[in-house]
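**Student:** How does the following fold in three dimensions:
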Amino acid sequence: MGDFAAAAAPTDSLETLRVRVVELEAALDAKHQTVEDQAAEIRRLTEYLRLLRHQRFGRTSERVPADQLGLFNEAEALVATEAGEAPVADAEVVSVPAHTRRVRGGRRPLPAWLPREEIVYDLAPEAKVCPHDGEALREIGREVSEQLEVMPAVFRVLRHVRPKYACPRCQSGVHVAPPPPQPIPKSLASPSLLAHVAVSKYADALPLYRQATMLERSGIDLSRATLASWMVRAGELVQPLVNLMAEEILASGFLQCDETPFQVLKEDGKPATSLSHLWARRGEPEGHPLLLFEYAPSRSKKVAERLLEGFQGFLQTDGYEGYTEIGARPGIVHVGCWAHARRRFHEALRGQSGAKRGASRSARTSRAEQGLAWIAKLYAIERQLADALPEERKRVRNEKARPLLDKIRAWLAAALPSVPPQSLTGKALGYLDRQWPKLIRYLDDGRIPLDTNLVENAIRPFAVGRKNWLFADTVGGAEASANLYSVIQTAKANGLEPFAYLCHLFAELPKATRVEDYDALLPHRLDRTRLRAR
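**Tutor:** Numbering: from 1, shown residues only. Just a heads-up that it's a prediction; the model follows:
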């Protein structure tokens, strides 16, 4: 019995050691996995850190140097290689029409319509005699140079005088001409002053308190509260035009939507620090751009549903999920935005280190550049079609862009499994994959642009102004601001000078009584000969 126990002991010890080795190997594998997970997390956070630093300190332009996007052959070769085929030849090159460039250093002539005052510097009478033979000098030409002179804002008082009449015999009553209609009755504000304040704030981003200070320097005492009250009244005055524009834009068959944060201090049920939103809609019925802004207390999809109620046609937006349910409704075709897809690849590229973007980059780390290269080809086709009619644009897109989109889809399918989904490049690829059905729908109609930049550009003046005046005090002020932005941006989009247009608008709106009167004042229907030359 003792011999048996002695013989079994080494065997038990060996088995115990084997179990221990397995346990240690499992623990080591777990630690290796932890290290790999931590390394991946460090890489991801480092990418985000580089991106945040670039957003804080780098340039905001999304332009990429041409030599950095020399990856067309690489991207297409990668698709073919991963599919087990020979590398394909480069896709058809899209030629971009030649353009002219203004020579630097040349001075543009001053506008011919500006008034001119001549100051003549003539010779003295005794100097108009030839010093050699005493003959009188004869003028043979003139040397003319021009300077631009500026005069500060000139204010004048319009005195509206209405003589009163009475019968000296019966003294039955007083007769006086009716007062002219005014945009704000019993107010100091003339149409031109209202236009000046509105354009200064909503087109030039000049806050009302600064305008009040500037007026004070000219000896005009108008408080910020007074100017704010005028803008609220002006916003209410243009409401009929905004309503007509809304009807037209919803019936246009093509609409772009976007939204941006907007802070309103005095809003029922919300703290002053909470954010509301300004929603923007852009349409182009009959080739005339219309831009509508509307204040809303939230970014809820219910707001989008209200703003798009009754709309049928193509709806182009970014990837915000609030539009998804609306875009799936019968009669609406939801179109995506290639600029937002491109922006994510730009962010991924900015998050990569310089070494990864250099000559030694690997296929995985250059996916962002490959994505940008593919999208750049789509934009090259669009530049070629900048002046084409919708029918021609649709035909060329299906001929040139559709085969290119098939290649991008194949590249995307090969790239998705090879990149961590939580990395910036992985998120860019994921966004492109999720949005793909919407992104390719621009092929269906030549009116649809490749992106929503037009509506985003319309929001930019508001975003610039928001940095200056920061917030709206009341809901009424926010709604008035949205109306005035709508009118001013639509006027600019239709080629009207906003100050001249608002001067005419505020003078004529008090006289309008019928729908036809308001319709004739819309920027795209206005008789431009009625605008005062300024």
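**Student:** Which helix or strand in the chain has the lowest average pLDDT?
**Tutor:** helix 72-82 (a mean of 48; mean pLDDT, DSSP states H and E).
**Student:** just wondering, since we're on residue 402, how far is it from residue 436?
**Tutor:** Distance of residue 402 to residue 436, given as CB to CB, to the nearest Å: 14 Å. The C-beta positions use only the backbone N, C-alpha and C, and glycine is treated the same way.
**Student:** Between these two, tell me which one has more neighbours.
**Tutor:** residue 436 (16 against 11; other CB atoms under 10 Å).
**Student:** How about that one: what's its closest non-neighbour residue?
**Tutor:** Leaving out its chain neighbours, the residue that sits closest to residue 436 by CB to CB, 6 or more residues apart in numbering is residue 409, at 7.0 Å.
**Student:** Run a quick neighbour tally on residue 372.
**Tutor:** 21.
**Student:** hang on, it in a helix?
**Tutor:** Yes. Under DSSP: H, G, I helix; E, B strand; the rest coil, residue 372 falls within a helix.
**Student:** tell me the contacts of the closest residue in space to it that isn't next to it in sequence?
**Tutor:** Computed as CB to CB, 6+ apart, the closest residue to residue 372 that is not its neighbour in sequence is residue 345, at 4.9 Å. Residue 345 makes contact with 368-369, 371-372, 375, 425, 428 under the criterion CB atoms under 8 Å, 6 or more residues apart in numbering.
**Student:** Could you list which of the residues you listed belong to helices?
**Tutor:** Counting by DSSP state H, the contacts of residue 345 place 368-369, 371-372, 375, 425, 428 in helices.
**Student:** In a markdown table, list the residues you listed along with pLDDT.
**Tutor:** Formatted as a markdown table, the ones in helices among the contacts of residue 345 follow (pLDDT from 0 to 100):
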| residue | pLDDT |
| --- | --- |
| 368 | 89 |
| 369 | 90 |
| 371 | 93 |
| 372 | 93 |
| 375 | 95 |
| 425 | 90 |
| 428 | 93 |
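**Student:** Provide the contact partners of stretch 515-523 at residue level.
**Tutor:** For stretch 515-523, the external contacting residues (CB under 8 Å, 6+ apart) are 240-241, 244-245, 487, 490-491, 493-494, 496, 501, 504-505, 508-509, 511-512, 525-527.
**Student:** run the last query once more with 6 Å
**Tutor:** 240-241, 490-491, 494, 496, 505, 508, 512 (CB atoms under 6 Å, 6 or more residues apart in numbering).
**Student:** Check stretch 114-125 too.
**Tutor:** With CB under 6 Å, 6+ apart, stretch 114-125 has no contacts at all.
**Student:** tell me how far the ends of that stretch are from each other?
**Tutor:** The first and final residues of stretch 114-125 sit 33 Å from each other (CA to CA, to the nearest Å).
**Student:** ok, now stretch 269-277?
**Tutor:** Termini of stretch 269-277 sit 16 Å apart (CA to CA).
**Student:** returning to that earlier point: just put the contacts of residue 345 in TSV and tack on distance to residue 154.
**Tutor:** Formatted as TSV, the contacts of residue 345 follow (distance: CB to CB, whole Å):
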residue	distance to residue 154
368	56
369	56
371	56
372	52
375	51
425	58
428	55
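**Student:** pLDDT weak spots in the stretch 351-500 of the chain?
**Tutor:** Applying pLDDT under 70 to the stretch 351-500 of the chain flags the ranges 353-365.
**Student:** Check the contacts of residue 345 and tell me the two furthest apart.
**Tutor:** The largest separation in these, counting by CB to CB, is between 375 and 425 at 14.0 Å.
**Student:** These two: which is more packed in?
**Tutor:** residue 425 (28 against 22).
**Student:** Would you mind measuring from the more buried one to residue 320?
**Tutor:** From residue 425 across to residue 320, the span is 22 Å (CB to CB).
**Student:** circling back: now the residue nearest to residue 372: which helix or strand?
**Tutor:** Element membership for residue 345, per DSSP states H and E: helix 338-351.
**Student:** Restricting to C-alpha, output that helix in CSV.
**Tutor:** The C-alpha trace of helix 338-351 is given here as CSV (Å, rounded to 0.1, in the frame of the first residue of the first chain):
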residue,chain,number,x,y,z
TRP,A,338,-22.2,63.6,-49.5
ALA,A,339,-20.6,66.6,-47.7
HIS,A,340,-21.4,65.0,-44.3
ALA,A,341,-20.0,61.7,-45.5
ARG,A,342,-16.9,63.4,-46.7
ARG,A,343,-16.6,65.4,-43.4
ARG,A,344,-16.3,62.2,-41.4
PHE,A,345,-13.4,61.1,-43.5
HIS,A,346,-11.8,64.5,-43.1
GLU,A,347,-12.1,64.1,-39.3
ALA,A,348,-10.6,60.6,-39.5
LEU,A,349,-7.7,62.0,-41.5
ARG,A,350,-7.1,64.8,-39.0
GLY,A,351,-7.1,62.2,-36.2
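**Student:** And the strands in the stretch 51-200 of the chain?
**Tutor:** 164-166, 174-176 (DSSP state E, counting those that start in this stretch).
**Student:** wait, which of those strands is closest to residue 330?
**Tutor:** Nearest of the strands of the stretch 51-200 of the chain (CB to CB): strand 174-176, 61.4 Å.
**Student:** Check what contacts that closest one and list those residues.
**Tutor:** Residues outside strand 174-176 that contact it (CB under 6 Å, 6+ apart) are 162, 164-166.
**Student:** Recalculate using a threshold of 10 Å.
**Tutor:** 162-167 (CB atoms under 10 Å, 6 or more residues apart in numbering).
**Student:** Equivalent analysis for stretch 387-397, please.
**Tutor:** Counting by CB under 10 Å, 6+ apart, 94, 97, 254, 378, 381-382, 384-386, 401, 404-405, 442-450 sit against stretch 387-397.
**Student:** go with 7 Å
**Tutor:** For stretch 387-397, the external contacting residues (CB atoms under 7 Å, 6 or more residues apart in numbering) are 385, 443, 445-447.
**Student:** How about that stretch, which residues are buried there?
**Tutor:** For stretch 387-397, burial by neighbour count (16 or more other CB atoms under 10 Å) applies to 393-394, 396-397.
**Student:** now the strands of the stretch 51-200 of the chain as JSON lines including distance to residue 415, mean neighbour count and mean pLDDT?
**Tutor:** Converted to JSON lines, the strands of the stretch 51-200 of the chain look like this (distance: least, CB to CB, whole Å; neighbours: other CB atoms under 10 Å; pLDDT from 0 to 100):
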{"stretch": "strand 164-166", "distance to residue 415": "84", "mean neighbour count": "10", "mean pLDDT": "91"}
{"stretch": "strand 174-176", "distance to residue 415": "80", "mean neighbour count": "10", "mean pLDDT": "91"}
